[in-house]
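Colleague: Okay, sequence plus prediction incoming.
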Amino acid sequence: MSQAGEIIPNIADSRELPASIVVPGIRGEMVTLRPATLEDLPRMDELDAYYNASGITGKDAAAERAVVHAWVHRSVAWEQGQTPAQSGVGDPEARRTMAWAVLTNADHDGDGERDAQTTGNMIGMVFLIDIDGWGKSARIQVVLGHDYRGRGYSRDAMPRVLTYGFAPHPAGLGLHRIWVAVPEKNTRSRSVYRSLGFVPEGTSRDALWDDQNNKYMDQIVMGTLADEYDPVASLDAFGLHLITDNPGVKEALAAREHSLAIQQGALGSDSADGRADGGASAASELAAAIRGDADRARDGRDARSESAKRDDEARFADGNADGRPQSWAYGSDNHSKSSKQAWWRTLGRGRKRDNEEEQ
């Protein structure tokens, strides 16, 4: 029992990770995510998921397979509430891992049958790795089967995992930063990460070995922060829609709306008509999404005044007013014409994948 005047820490502000976790199911339009199990690991071999690992992550195939097995074991151990000493697969810094199996009901190749039936519709995995309770950070990685790369599956899965990761506790993990590390030659994945709001943070020189070209290569670190990440725009940039009953979505949107309100207040009276209109539009969009009315949210954005759109375009062009780089792919120009075509329904059909790098 606490004494008078004693400050009891809020669990949401705690720097301690919980002893156990429930890995939640997450729904997308193309994929469904469920907690990964040890029984899923042989399916990754069947999917040839470690093909061209050096081009995608900078590891050789054997090392990639080994870390995937370790990540799934760590995720299962955390679900079961096992300590690092009990599981034998923990981290001395008490960092944890969450692993999801990526399932699809899509018939992307148009053969009349659902994809990946031989592996129980499983096409790969997505991970939050090195979840650091003290620093409120984690690394995200997607590992897909060879035949399921470059078809937009990761674009459907990743924003939803990011939204869960950034959502305040207890609905999400309450992370402050999520990052990735990409070989310099994997330009396709870097482009996808940029479109999700990740920005380059630094370069590890000659950190990886390029076995195809027999030379060292740099590793590019990219990251995004909770107050930068936009759950709506990250999906809308690819013609995908918010699913508001996914874990953490309502909370992440509410936090984002609060952050936008603070940013709008900090902008002051400059370009009052355009920026106030844009801020009100963003707030109404998020409020509509929180109520589960995604169509209304998009209509509200499309109805935004031309002056606000021009102001947004200017801010994204100079990359200074809101801190986002010029190349941030879901700027207002993309917003106005992004989600009208479901590009992912046809992307990747008939494409040769021998040199495919994007996960």
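Modeller: Now that the structure is in, tell me what you want to look at.
Colleague: Please make it C-alpha for all contacts and neighbour counts, starting now.
Modeller: Will do.
Colleague: So what's the residue count around G239?
Modeller: Counted by other Cα atoms under 10 Å, the residues lying close to G239 total 18.
Colleague: Before we go further, it is sitting in a strand, right?
Modeller: No: counting by DSSP: H, G, I helix; E, B strand; the rest coil, G239 is located in no strand; its state is coil.
Colleague: Okay, it and H108: tell me how far apart.
Modeller: Using Cα to Cα, to the nearest Å, G239 is found at 16 Å from H108.
Colleague: What helices and strands are in contact with the helix or strand encompassing I262?
Modeller: Per DSSP states H and E: I262 is located in helix 249-267. Helix 249-267 sits against helix 153-166, helix 231-236, helix 272-290, with contacts defined as 3 or more Cα pairs under 8 Å, 6 or more residues apart in numbering; DSSP states H and E.
Colleague: Lowest average pLDDT across these?
Modeller: Note on the helices and strands packed on helix 249-267: helix 272-290 shows the lowest mean pLDDT, a mean of 49.
Colleague: Would you map the helices across the stretch 1-150 of the chain?
Modeller: For the stretch 1-150 of the chain, helices defined by DSSP state H, counting those that start in this stretch occupy the ranges 41-46, 53-56, 61-79, 84-87.
Colleague: Which of those sits closest to P170?
Modeller: Among the helices of the stretch 1-150 of the chain, the nearest to P170 by Cα to Cα is helix 61-79 (15.5 Å).
Colleague: got the buried residues for that closest one?
Modeller: For helix 61-79, the neighbour count (16 or more other Cα atoms under 10 Å) marks 61, 64-65, 68-69, 71-79 as buried.
Colleague: count of neighbours near N213?
Modeller: Neighbours around N213, by other Cα under 10 Å: 8.
Colleague: Repeat that for D245.
Modeller: A count of nearby residues for D245, using other Cα under 10 Å, gives 12.
Colleague: In a strand, it, correct?
Modeller: No: looking at D245 with three-state DSSP, it is coil, so not inside a strand.
Colleague: Can you report phi and psi for it?
Modeller: In terms of degrees, to the nearest 10, the main-chain angles of D245 are phi -90, psi 10.
Colleague: Surely T163 and A233 touch.
Modeller: No: T163 is not in contact with A233 according to Cα atoms under 8 Å; the separation is 11.4 Å.
Colleague: more crowded one of those two?
Modeller: Comparing T163 with A233 by other Cα under 10 Å, the one with more neighbours is T163, at 28 against 25.
Colleague: Please name the residues that touch the more buried one.
Modeller: Taking Cα atoms under 8 Å, 6 or more residues apart in numbering, we find T163 in contact with P231, G248, V249, A252.
Colleague: do K215 as well
Modeller: Applying Cα under 8 Å, 6+ apart, the residues contacting K215 are W209.
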